[in-house]
Each structure stands twice: as C-alpha cells, then as structure tokens.
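Student: Take this sequence and fold it.
(chains A, B and C)
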Amino acid sequence: MRLACFPAAIIAALTFLNAAAAFEIEERATYTAPNPQSELRIISTADREVFEPILLAFQEENQTVSIDYTIASTTELMKAVHEEGEVFDLVISSAMDLQTKLANDGFAQTYRSPATDALPDWAKWRDQVFAFTQEPAVLILSEKAFPTDDFPTSRDALIALLRDQPDRFRGKVGTYDVRTSGFGYMMATQDARVSENFWRLLEAMGRLDARLYCCSGAMLEDVRNGDLAIAYNVLGSYAQAQLDDRGGYRIVLMSDFANIMLRTAVITSNAENVTDAQTMVDFLASLESRPDLVAASGLPAVDADALQSNVALRPIRLGPGLLAFLDRLTRRNFLRNWEASITQE
Amino acid sequence: MTFPPLTRSIRTRLFLQLAAISALLSVALFLVVRGLAETAAEATQDGILAASATSIADALRSEDGEITLDLPYSALSMLGTTNDDRVFYKVEVNGETLTGYDDLPAPADPPTISQNTFATFDYRGDEVRMVSASRTVSASGVPSNVLISVAQTRLGLAAISQRISAIATGVGLVFFLVATALSLLAARSALRPLKEMTAAVTRRGPADLRPLAIQPPTELEPFVAALNTFIARLRASLLRSEDLIAEAAHRVRTPLATVRAKAEVTHRKLNKPEHKQTMREMIRAIDESSRSAGQLLDHAMVTFRTDSLATEAIDMGELVRETVARLEPAADLKDATIRCTIPKQPPHFTGDRILLQSAIQNILDNAIKYSPDDSDIAVTLTAADTIRLDVTDQGRGFGDSDTDTLKTRFSRGANVDDIVGSGLGLTIADEVARAHGGTLNITRNEGANGACVSLVFPLQ
Amino acid sequence: MRFLLIEDNANLASAVAERLQLDGHAVDHAGTLDDAENCIAAADYDLILLDIMRPDGDGRTFLQSHRRAAKSTPIIVTTARSEVSDRVSLLDLGADDYITKPFDFSELEARCRAVLRRRGGVAANRLTVANAVLDSTAGELQIDGVGQTLRNRELRLLEVFFTSPGQVFSKSYLLDRLFSFSEDVGENAIEVYVGRIRKRLEPSDAIIETVRGLGYRLVARP
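Tutor: Numbers count the residues shown, from 1 in each chain, chains lettered A, B, ... in the order given. Predicted coordinates:
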C-alpha cells in the first residue's frame, strides 16, 4: 500500500529529527511470552486492569508473542500516531472519530479474515477499523444523593431536576472536559447532534458550577467519595466494572437515548509485526465467544441482538461523518460554544 | 456475412452464423448495459458529492467579520452511507485554505456559482472523485469567493461496477443462450421447406416424372423451376429413348415380317427339296435375326428399367399362370405340354411386374424352344425358405450334341456381338433376378436330358 | 376363316394376306382405320388382325372403341414393339391376344384357334367325314358321339384332311403344314403322325389312304 508512504515518510523524517517521544504516556507494560519469538506493540486508551485479562488470554493461545502495551489518552494517542509517526503495530482507542480519521488519512492497513467478516457491517469500516466492544455512555448517580428510586432517567427529567433543586446539586455535577478529552469531545458532539437538549443540559450544569474531568475513572472516584452526586456521559463499562467491585452509585441508562461507543482497533500502515497484529484483531473480533473475558474485562462484546432490544441505544456510526466534528473550524466553534455554556463566563 | 465453410450443412452454417451474431450482440449488450449502469452509478456518486458540497456551502457563515463554518455531520456522513470510501474536503477562501485537507489539489476546471465541476485524480494513494463548488460569502461587507471541494475514493464505485459487470455478464450470457437456442429453432424451421420438398420428391415412384407441384418458399422457386425443367428434359429424353427403341423395333421388324411372310409363301410354292431347304434356312435366318433384335431391344429396355425398379405387390402364382397361358400355343405347336405346379397360397412378392414377367417368359420360351416334340415342361413354384420358380425341360439330342446344344443354348450374351444362340434371353432373366435380390441358376438334369432353369428369390 | 387384316404397310399386308390364303383362309385388307370401320360394318369376320402402331392414330383407340361397341369379333394385335412394355395394357384395352412381328404363321394359327376356343359361342368349326366329326375349335374328334381330345399336330393334320376330303396331299406339303421352319425333320416324321391319326380314326369309317408316290388322302370307308 503506497497510500501512507508519503506522509509517513515525512513524519518519519520528523521523528528522526525529534528522537525523543513527544507524546504523553500514561503507562506502559510488557508481557513477555513463555516462548518469545515476536513482539506485538500496542498503543491503547484502555486501562491496564481492564485490558490485561484479554492480553493474557491472547498470550495463552499465542505463546510466542510478547506484548508491549502502551496506554495514552485519546488525544495523545492520536498525536503519537497521526502527527509524530510513532511506530506501533496495533492502535486501540475508544475515540471512534480519531480512529476513523487515522484510516481516512491513510494510517491504517486493510485486513480481512473470517473473524472480521463475521462482524456486523456497522462494526467495521473499510476493513481497516474494527469495533470489538459496544459500550454505552451512562448517567452515574451517587447512592447517597439518590437513596430512593426517585431519580431522573431522561435528559428532560435531569434538566428539570437541576433547575428545580439548584442548591442540592451546586458543585456536585460533573462531566468530561471536552477540551482535553477526545472521548469526551466525541460523546458531546454526538449528544449535540442527536438532541437540542444537550445544550440546555450543559447550561443547566454550567449554572451549577459543574466540575470537569479528564476521564471516567476520576469521575467515578469522586462520586464514590461523595464529591459528585451526578456524573454525566460516563463510560458504562468502567462504571459497571467498578460498581461490581466497590459500588456506591447507580448506573442509569438514559431512556430518551444513550449513545453507544464502539471501541476499535486499527492495524497501522507502518506496522512492523503485521502477522501478530492480525491475530490480535481476530482475537478481539471474536470477543463474543469469550464470556469469561467479557466478564473479566467488563467490556461488552459486539452484539447486534442486544442493540435491537432497546430502541434508545444508539451506536455511534463508524464512517466519514465522524470527521465532521474533527474539522478545525467546526471544533473551534463547538468548543467555544461548549465553554460558554459550561463555564458561564 | 461470409464465413469459410467449416461444414457442408446449411443448418449448421446458419446456426453458427446466427450464434456468432448473437455473441456479438451479447457483447454489445453487455457493454451497453455496463456502460449505462456505470454512468448511472457515477452520476449517483457525483450527485451525493454535490449534495455534500452543497450542504457544506450552505453551512458557511460570517461571524465577527470572518467567514466560519460548522461542518454539518450529514455533509460527510451522507458520503458513507453506501460505501466505505475515504473522504477528503477543503474549504478555500480567496485562495487560502480555511479548513480541511490542505494538500487537496485545486480543480483543473474551476466551478462557477451556478455550476459545480468534477475531477478525477490520484490522491494519497487512491483514485478520488472530487466535486468543487463555488460560493460568495460576505464578511464585513467584503464579498469573498469560497471554493468548497469534497472528494471521495472510488472503491465503492468499483464494487458497484463489479456487481454491474457481473449482472451485465449474466444478462449478456442469458441473452446469448436464449438467442442461440432461438437461432437453432430458426435454422431448423427455415430449413423445414427443404425437408418437405425432399419428402415430396422421395415419395415419388421411380417412373414418376411429373413436375413437382409443391409450393416452395420464394427463395427455392428458381431451384424448383430448374428441377422441373430438368425433370421435363429427362422425361423428354427418356421418351425419346423409349420412342427410339420402339422405332428401332418397328423399323427392324416390319420389313423382316414382310420378308418372312413372303418367304413362307415362296417356300410353299417351291417343289424341289433343295429349294425348299434353302427357303427354310432363309426363314430360319430371319427368325434368328428377328429374335436377336427383339432380345437386344428387350435387354436395353430391361437394363433401363432395372435402374428405376417399380415396387408393387405381385401375386406370383397368377403371374406364372398368365405367362404359361401366353406361351401355351407355342408349346402346343410341338405337342409339348407345360405342367404347372403352383401352391394354393401363392407367395406374395414385391417387385417390378413387367420385368418379372419378361424374365419368366424368356426362361419358358427357352425351355419350349429346346424341348423335343411330345415332351413335358414342368413349371414349379415353391415358397419354402426361398421363393423359387423351376422350369424343367426334357432337352433335345443325346450325348455330345446335347452338351453343345446346352452350351449354345445358355451362352450368356453379355457382349452384343455374341449373338449366336438364344442366351440373351437368359441374360435378361439373370439381370431381372439380380435386380430383385435373387439369382438365376441352371442345372443339368441328373441322368436325363434337358436342364432346369431356376429363379431364386429371398423370402420377403 | 375370314380375316380382316388392318395393316398400313402395303408390302407386309399383301405378303401376309397371300400366306394366309395359302392355308385356305379369306383375307380382307384395310389400310386405314376408317377403311377398317367400313369393312366391319359391311361384313362379318371370324378374326381381326390389328397392327397397333399406326400413323393415322393409335390403334389403341380403335381397340378400345371396338371393345366398347361390344362387337364380338376377336382381335389379335400385331405389334413390332418391344415385348417388355405395353403388352399387359394391350390385353387390358381389349385385345384377345397379341403376336409380335415377324410372326410364325403356325403360331398365329395356333393363337387364332386358342382365341376362338376361349371366345366360345362362335359357330363351331365342325368338319364331317363319314361318322367322324372333327371339331377344330374344340380340338376334338368325335366318332359316333365318342370324343377324343387330339394333340395339336394330330389336330392340324386331321384338319388338312377333313377340310379337303379326297384330295391327295404330298408328304412334303404335310411337312410344311405340320412342322416349323426351325426343325429339320425328314418325311418319316409325317409317317409317324399319319400312323397316329390312322389309329384315332380306326373306330370310324373314315380312313387315310396312302397313294403310292403321291401322298395321302382321306376317304370314307367304302
């Protein structure tokens, strides 16, 4: 594939000039194989706790493959691969728009196999971006703040609640800082696309001195320790996993609509270990057949039937549409509006 | 269309030519279908691209004296509805990139406010189709020229194209098969008149030289006319031959008859034995020449007739009886008795009645001629494992002279110069026998004079 | 017998007529079919000899109309045509028999006899000498009502004698009458046949008398 050669060549040149990695790594772990013959370099947004069961299970089946697992935020990950030309074999991210852009801009390579063919049409794009989970964005309510069953289940209800009881919730609502979180930005733009309610909700939250976070984990922590009563647009899978462990909050799948994020994997065009990357893609694509891993990681596998049963569930569409909100101007305008709403300045 | 003749069959040639035409038409159909469909598909893609560009253009606005844009989600998502093609876009204001993929090339054919333009070129490793639209947007009172380009790779189009090609191939193939099958039927049907004509001609008996009365197709009319002319010429020629033979017979025999009658008169009037003897010899000479002439003419007729053997059902018993009755007076003259043995259920036979009668007559005539006075001639018809007619006479003469007579009597006059003896009559019988799939056998009687001449035919 | 000879060739006609007359027959000659019609209208004939190949119209037409007119005179057709064709049709058309030219007159006589015998109804040709009656049509010799069927030569020989009783016929003459030209027979053959008919006539009063040096004659027993 000649497609990525030109930009890749330039970026490689730049990287050569900038020897040190310019992107921020959150964590890096190495899993040596029992019989190491090759190394698979993965960059991912998924926490190690979440993903480790999957990596180990993969290694059980592929005893010769060592894994180098680097964790970064969605934006840093994008920066690494798209701008700095860092060499990784596999890119796993929850930011579907950024993954789509990677493929659109020629940073992905095509792969087809029976496992990928078995994925539903909406779970892959161009045979380059492969979704292997479907994770909803949910509303988290602390049990302390909502001891009874009387809690909002729709955005209208939430907006009404915030408006009606400002004192109860002042300084106790939180959501993603979309300026820094790629995932958060994507969820926000998807929200805005679907319903006007988003901006009203944002304003309602802004009037109550909403707190902004980089990630789901932090939001859940604050809910648990009582700093937050309501956390909006939290990643459902994280919430579920932590709920089982520690509890203390209620997960609400909103009834008007709930956006579903598809976590995706992309084999880079400049991957060195293509074979093992492909094997991993196959492994991830058949996550449905490993309920043990689903349980261990907390990541729900791609399941078309589950989506059909609840009309409010709206999987985000993989495709060029996601590029729209990545547009420089559009993003600038959106962020400006978002800032104006949430900070009330 | 002329093709080298691979085969002599008209039907095969016609079929092959029609099949070749069908093949050409199928290919043409395939190309047309594919061309049209691909044009339609491309037009559809172009339409969507144009819609996308339009929706982006519609989202342009000016804010704080600057032109800005909220790229509509639908503008790009609509490009992904039917395929997984990569999408690129660029918005330029007065020649400077506002947003989008900076390195997207400018259209070779710039658009106008009212007319979008399209271009196809390679970009980032794939072939893309790009639409360019132009808008004028005012910012702080200054109108700016905005160029909106939206491009999309063509893999989806290629997929459609493949599907179309497959369908077009299918259509072409089906068309070809159906057309070929129909052309087979057409070829067969077109040639049916020939078959019918052949049947009409075949149905005719061998002596049927009437002109063909069928109504042929226009193209065959000249052929039928030529055939009828040919038939007429043949008939005329045959009639002439028959007339010639009859004429020859008449011209030869009439003067002979006169001479013979006069000779008989003279013989009666002469007294001297030696004179009478001379007359007798003269008359004998006349008889021989007349007989030979007659047999030559018969032989010519028989040879001619065996070529176009008539086939009718013949009652052999009745035929034998008739012939015996015809020759009885001749036998009577020398007190020879013909004894006829015919089975009650005479065998049925299919053949040429006139030829068979001639054969039997010649055999019997020969037997009578060489029978002594007061003798018996046995005519026996049997139908066992063969149909057999035996004519047994008691011969004349003794010992060596008998052999000579026998030899002379049966010498086969195949060459017309060899006309000594009456063999030609048996030659005729032999030819008739063979024309009917049978044989003529001659055997000397065991321990007695004379011979047995047999006609043997296979059972039918 | 009284013959009508329909023959267009004058030479042949006169030769045939002369020959028939030698045997004591009466012959009328018609050169054309019109002449023939006139003759038939004017007189009765025992037999018609018709030459079938004629320049003035095919004799076939005459044959057919003659038959249709139900005239009972038998017709023997003379033809010079090839024997392979035509003949069946001649008989179908109404000829009683046919003979090809040139024909042997003994054969013609034999065929005439056969035709007349077949036709029947014709006044029987009976010749009587003493108590012997020769029916030449039937080919029978009747003596005092007792009939004997005669062989052909016997019949012909008797016919010669019975037609002219008392007349002397030389052996030579009798040879001519009895034997065909293809046979070389000596006069002793006549003696054999005379012997035979003498035997036949024994019961009757008619005898064949030998006239020394001259021949034979038939006389009634005195």
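Student: B:R339: which element?
Tutor: B:R339 belongs to strand B:337-341 when assigned by DSSP states H and E.
Student: how about the helices of chain B, start to end?
Tutor: Here chain B has its helices, by DSSP state H, at B:10-58, B:73-77, B:155-190, B:192-203, B:221-269, B:273-307, B:316-333, B:353-369, B:399-410, B:423-435.
Student: Nearest to B:D390, out of the ones you listed?
Tutor: helix B:353-369 (9.7 Å; C-beta to C-beta). Any C-beta I mention is one placed from the backbone N, CA and C, and that applies to glycine too.
Student: Could you list the low-confidence segments of the stretch 101-250 of chain B?
Tutor: The stretch 101-250 of chain B contains residues with pLDDT under 70 at B:205-207.
Student: before we move on, the earlier item: could I get the helices of chain B as JSON lines with mean neighbour count?
Tutor: Putting those into JSON lines (neighbours: other C-beta atoms under 10 Å in any protein chain shown) gives the following:
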{"stretch": "helix B:10-58", "mean neighbour count": "16"}
{"stretch": "helix B:73-77", "mean neighbour count": "22"}
{"stretch": "helix B:155-190", "mean neighbour count": "15"}
{"stretch": "helix B:192-203", "mean neighbour count": "12"}
{"stretch": "helix B:221-269", "mean neighbour count": "16"}
{"stretch": "helix B:273-307", "mean neighbour count": "17"}
{"stretch": "helix B:316-333", "mean neighbour count": "20"}
{"stretch": "helix B:353-369", "mean neighbour count": "23"}
{"stretch": "helix B:399-410", "mean neighbour count": "14"}
{"stretch": "helix B:423-435", "mean neighbour count": "22"}
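Student: And those helices: which comes nearest A:T30?
Tutor: Go through these one by one with C-beta to C-beta and the one that ends up closest to A:T30 is helix B:155-190, at 37.9 Å.
Student: and the angle for the closest one with helix B:192-203?
Tutor: Orientation of helix B:155-190 against helix B:192-203 (axes from the mean of the first three to the mean of the last three C-alpha atoms, to 10 degrees) gives an angle of 20 degrees.
Student: Just want the angle from helix B:155-190 to helix B:10-58.
Tutor: Put simply, helix B:155-190 runs at 160 degrees to helix B:10-58, going by the same axes, to 10 degrees.
Student: I'd like the distance between the spatially closest residue to B:E42 that is not a sequence neighbour and chain A.
Tutor: With sequence-adjacent residues excluded and distances taken as C-beta to C-beta, 6 or more residues apart in numbering or on different chains, B:E42 is closest to B:L157, at 6.5 Å. Going from B:L157 to chain A by C-beta to the nearest C-beta, to the nearest Å gives 14 Å.
Student: so who does B:L157 touch?
Tutor: B:41-42, B:45, B:83, B:129 (C-beta atoms under 8 Å, 6 or more residues apart in numbering or on different chains).
Student: So for stretch C:16-31, what gets flagged as buried?
Tutor: Within stretch C:16-31, the residues scored as buried using 16 or more other C-beta atoms under 10 Å in any protein chain shown are C:16-20, C:22-23, C:25, C:27-31.
Student: out of those residues, which touch chain B?
Tutor: Among the buried residues of stretch C:16-31, the residues that sit close to chain B (C-beta under 8 Å from any C-beta of the partner chain) are C:16, C:18-19, C:22.
Student: And the pLDDT at B:T382?
Tutor: Looking at B:T382, its pLDDT is 91.
Student: which residues sit in contact with it?
Tutor: By C-beta under 8 Å, 6+ apart, the contact list for B:T382 reads B:343, B:388, B:390.
Student: which among those residues are in contact with chain C?
Tutor: With respect to chain C, and counting by C-beta under 8 Å from any C-beta, no part of those is in contact.
Student: now, which of those lie within strands?
Tutor: B:388, B:390 (DSSP state E).
Student: What subset of the contacts of B:T382 is buried?
Tutor: Counted by 16+ other C-beta under 10 Å, those give B:388, B:390 as buried.
Student: Please report phi then psi for C:D34.
Tutor: phi -60, psi -50 (degrees, to the nearest 10).
Student: how much space is there between it and chain A?
Tutor: 114 Å.
Student: Show me which residues of the stretch 101-250 of chain B are close to chain C?
Tutor: So the stretch 101-250 of chain B meets chain C at B:242, B:245-246, B:249-250 (C-beta under 8 Å from any C-beta).
Student: Looking at these, which is nearest chain C?
Tutor: Chain C lies nearest to B:H250 out of those, by C-beta to the nearest C-beta, at 4.4 Å.
Student: ok, the closest one to B:S241 distance?
Tutor: Using C-beta to C-beta, to the nearest Å, B:H250 is found at 15 Å from B:S241.
Student: what do you get for A:L313?
Tutor: Here the criterion is C-beta to C-beta. By it, A:L313 lies 107 Å from B:S241.
Student: Run through who's touching the helix or strand containing A:L98.
Tutor: Using DSSP H and E, the element containing A:L98 is helix A:96-104. With contacts defined as C-beta under 8 Å, 6+ apart, helix A:96-104 is touched by A:74-75, A:77-78, A:81-82, A:91, A:93, A:108, A:125-126, A:128-129, A:131, A:182, A:186, A:189, A:261-262, A:264, A:266, A:268, A:316, A:318-320, A:322-323, A:325-326, B:86-88.
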